[in-house]
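Peer 1: Take a look and give me a structure for this.
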Amino acid sequence: MQTIKYKFADGTTNEVEVTEEIYLIHLELLQQEKRNHWKETRRHTSLYYFTDMGIDFEDKRSESPLDLYIRKENIASVRKAMSYLTDKRRELIKLAYFQEMSFRAIAKEKGLSKSAISQRMKTIYKHLRKHLGA
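Peer 2: Got it, this is the predicted structure:
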């Protein structure tokens, strides 16, 4: 016989005696829960989380006013070029670059092949280059 100790949200605890088989199942479930929690939270750690924890990241770039202006103009140009894309193409760009999904993950989500997504992205790049004048 083994003892499983439960700790409730209000701080109280309770102990239950179980067979060895049930105890091993309980341990496996605890390990699986930890793995699932790690899987879910490792992708969602943001800079805000670190800031809340007191960890600050110093921006070591020292951009001149000209560099700042050029960067803002580039961002504005890209936004304008993206406005010429269809909603579906804009969505692919958002998934790939803003949500950092792989082509394989996008393909799985959309029910397409990875090569289909790759081909669509090439077409999108061509349209963006055209509107950016590159």
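Peer 1: what comes up buried for the longest helix seen in the chain?
Peer 2: Longest helix of the chain, by residue count under DSSP state H: helix 20-42. Across helix 20-42, burial judged by 16 or more other C-beta atoms under 10 Å covers Tyr23. For glycine as for every other residue, the C-beta is placed from the backbone atoms N, C-alpha and C.
Peer 1: Tell me, please, the helix or strand in the protein that averages the lowest pLDDT.
Peer 2: Sorting the helices and strands of the chain by mean pLDDT, DSSP states H and E puts helix 47-52 at the bottom, at a mean of 68.
Peer 1: picking up where we left off before, for the record, mean pLDDT for the longest helix of the chain?
Peer 2: Helix 20-42 comes out with an average pLDDT of 85.
Peer 1: Packing partners of that helix?
Peer 2: strand 2-7 (3 or more C-beta pairs under 8 Å, 6 or more residues apart in numbering; DSSP states H and E).
Peer 1: Paired strands for the strand it packs on, with orientation please.
Peer 2: As defined by DSSP bridges, the strand partners of strand 2-7 come to strand 13-18 (antiparallel).
Peer 1: Just the terminal-to-terminal distance for stretch 79-90.
Peer 2: For stretch 79-90, the separation between the terminal residues is 10 Å (C-alpha to C-alpha, to the nearest Å).
Peer 1: buried ones in it?
Peer 2: The neighbour-count check on stretch 79-90 (16+ other C-beta under 10 Å) flags 81-82, 85, 89 as buried.
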